[in-house]
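[1] following is a predicted model, sequence given first.
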Amino acid sequence: MSAPLALVALPVLPLVGALAAVLSGRWGGVAAGAVAAGVAGALVALTGAVAAGGPVRVDIGGWAPPLGIALEADGLAVAFLALTAGVMAAVAAAARPRFGAGPDGAATRAGHAFWPLMLWLWAAMNLCFVSRDLFNLYVALELLTLAAVALVAIEGRAETLAAALRYMIFALMGSLLYLLGAVLLYAAHATLDIGLLALRVAPGPPDRVAMGLLTAGLAVKTALFPFHAWLPPAHAGAPAPASALLSALVPKASFVILWRLWFEALPDLAAPLVLALLGGLGAAAVLYGSVLALMQDRLKLIVAYSTVAQVGYLFLVFPLAGGAAAAQPWSAGAWSGAGFHALSHGLAKAAMFLCAGLLMTAAGGDRLAQLRGLARAMPMTVFAFGLAAVALTGLPPSGGFTAKYLMMTSAFAAGQPLWAAVLVLGGLLAAAYLYRPMAHLMARERPEGAAPVAVSRAAQAVPLALALLAIGLGIASAPVHALMQIGRPGAAEEGL
């Protein structure tokens, strides 16, 4: 497969698969498996082309921007495409028992909906990573939001419907802000292509207002504090496979768009006060999410509030990469560290939510008291949960450690130890709130009269594979780091 064809196939294949899943009914899981195989082949071809020759670009219909729309895959895009493919494949494997055919051979109502929604979300994620046009990205974000909201409400329970409604309200607010910012940029510059905007935007009031609206809209969709209220009930209430997708992948799409706006399209608008504000909100998210996670007595809520905290680390890249116009050696480290954190968090959080689903199946609920002593009955699942906790805490040799090491060294090199202190304190708080479920799982005795339901080893192997990848990301960090540098924007090296 040629590289341009592979680039186009990555968003198209899941979209075609979603239609096939709608038509096939109970065979939706088969359609998802076929899409996973096709995406894997396209991803291998695209990765090889990017590694050998640099970014791959396709002008749709042969029309270059501003008349046409461009798709482009650089090293960062390939890394996130690979993360999405790996998590999607694992979730598809974990979801087959729950959303496959029922005892009579017919698909359940939720099973009819899950596979098309999952593939729809996959197509939107891939489009977010490779599109270069702000309106095209807006369409991708809306497709992503619709699929994510439906996945939250897929089981039709009252609490999940309320969580989905709250999610929808916040998402619509973010969409309106984003769209208004895009309209202002188009009115001023007659283009929405990221590459062309970088050549035309000037640091004046109209462009600053537009960038502020775009940033606010994407921050809402990423669930940055204080716009996070929709995330914990949505992620905790959804079925475990859906929670894995929502937490591991969905916030990354809007953040990558925000990342590209600041580092590629409009780096000259990065005023120190704005960068400090984004970093401050990120630090507040780390502390607030961690404290709220410490106060929960349900496993899925602990993991959900952990996502609020982990998202905050991503926003520390802005103050760490900001500063004077001269080249700054620490900016590249901060940029790469944020990329490693996003990848490590995606793998670890997907593993953790899938573990939570298996533990809930065995114990009949996710309250910590119900989970006591499950390590003896489910050692593979508890081991996977522990490995994911190591990655989220940022302990060696995980990918989370690589991320925090790069960001912390950048903070000290930049003379900004405050952000290093946030990284250290966030890691300590993560260790504290993840220790609580581990302590209950490792207890010697189960609650009286609560025999665990048997869970197959094949089901337990899925989150273990993801957790091992999160650890392996730190061990084999050199090739991943080299891949992310391909096509790296100049602002990632010289500073915002």
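    That came through, no problem. The model shown is predicted, which means the values in this text are computed figures rather than measured ones.
[2] any idea which element Glu72 lies in?
    strand 70-73 (DSSP states H and E).
[3] how far does that strand sit from its chain's centre?
    With Cα atoms, centre = their mean, to the nearest Å as the basis, strand 70-73 stands 20 Å off its chain's centre.
[4] and the average pLDDT for that strand is what?
    The average pLDDT within strand 70-73 is 92.
[5] buried ones in that strand?
    70-73 (16 or more other Cβ atoms under 10 Å). Bear in mind the C-beta positions are built from the backbone N, C-alpha and C, glycine included.
[6] wait, a helix at Leu10?
    Yes: Leu10 sits within a helix when classified using DSSP: H, G, I helix; E, B strand; the rest coil.
[7] which ones are touching it?
    39, 42-43, 46, 81, 126, 130 (Cβ atoms under 8 Å, 6 or more residues apart in numbering).
[8] out of these, which sit inside helices?
    Judged by DSSP state H, helices contain the following of these: 39, 42-43, 46, 81, 126, 130.
[9] who wins for neighbours among these?
    Among the ones in helices among the contacts of Leu10, Asn126 has the most neighbours (other Cβ atoms under 10 Å), with 31 neighbours.
[10] in the stretch 151-300 of the chain, which spans are helices?
    158-189, 194-200, 205-222, 231-237, 240-248, 250-260, 272-294, 299-314 (DSSP state H, counting those that start in this stretch).
[11] where does the stretch 201-350 of the chain dip in pLDDT?
    The stretch 201-350 of the chain contains residues with pLDDT under 70 at 323-329.
[12] try 80
    Low-confidence segments of the stretch 201-350 of the chain (pLDDT under 80): 202, 322-330.
[13] returning to what we had before: export the strand holding Glu72 as CSV, just CAs?
    The C-alpha coordinates for strand 70-73 follow below in CSV (Å, rounded to 0.1, in the frame of the first residue of the first chain):
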residue,chain,number,x,y,z
ALA,A,70,-5.0,18.6,3.1
LEU,A,71,-4.3,15.5,5.2
GLU,A,72,-0.8,15.2,6.7
ALA,A,73,0.9,12.6,8.9
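[14] what is that strand packed up against?
    helix 3-24, strand 56-59, helix 109-130 (3 or more Cβ pairs under 8 Å, 6 or more residues apart in numbering; DSSP states H and E).
[15] looking at these, which is buried most?
    Ranked by mean neighbour count, those are led by helix 109-130 with a mean of 25 (mean count of other Cβ atoms under 10 Å).
[16] kindly export that one (C-alpha atoms) in PDB.
    Only the C-alpha atoms of helix 109-130 are listed here, as PDB (Å, rounded to 0.1, in the frame of the first residue of the first chain):
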ATOM      1  CA  ARG A 109     -29.700  -3.700  21.700                       C
ATOM      2  CA  ALA A 110     -26.400  -2.300  23.200                       C
ATOM      3  CA  GLY A 111     -24.500  -4.700  21.000                       C
ATOM      4  CA  HIS A 112     -26.200  -3.300  17.900                       C
ATOM      5  CA  ALA A 113     -25.100   0.200  18.900                       C
ATOM      6  CA  PHE A 114     -21.600  -0.400  20.400                       C
ATOM      7  CA  TRP A 115     -19.700  -1.600  17.300                       C
ATOM      8  CA  PRO A 116     -20.800   1.200  14.900                       C
ATOM      9  CA  LEU A 117     -20.200   3.800  17.600                       C
ATOM     10  CA  MET A 118     -16.800   2.500  18.400                       C
ATOM     11  CA  LEU A 119     -15.800   2.500  14.700                       C
ATOM     12  CA  TRP A 120     -17.300   5.900  14.200                       C
ATOM     13  CA  LEU A 121     -15.300   7.200  17.100                       C
ATOM     14  CA  TRP A 122     -12.200   5.600  15.600                       C
ATOM     15  CA  ALA A 123     -12.700   7.300  12.300                       C
ATOM     16  CA  ALA A 124     -13.100  10.700  14.000                       C
ATOM     17  CA  MET A 125     -10.000  10.200  16.100                       C
ATOM     18  CA  ASN A 126      -7.900   9.400  13.100                       C
ATOM     19  CA  LEU A 127      -9.200  12.400  11.200                       C
ATOM     20  CA  CYS A 128      -8.400  14.700  14.200                       C
ATOM     21  CA  PHE A 129      -4.800  13.500  14.000                       C
ATOM     22  CA  VAL A 130      -4.200  13.900  10.300                       C
END
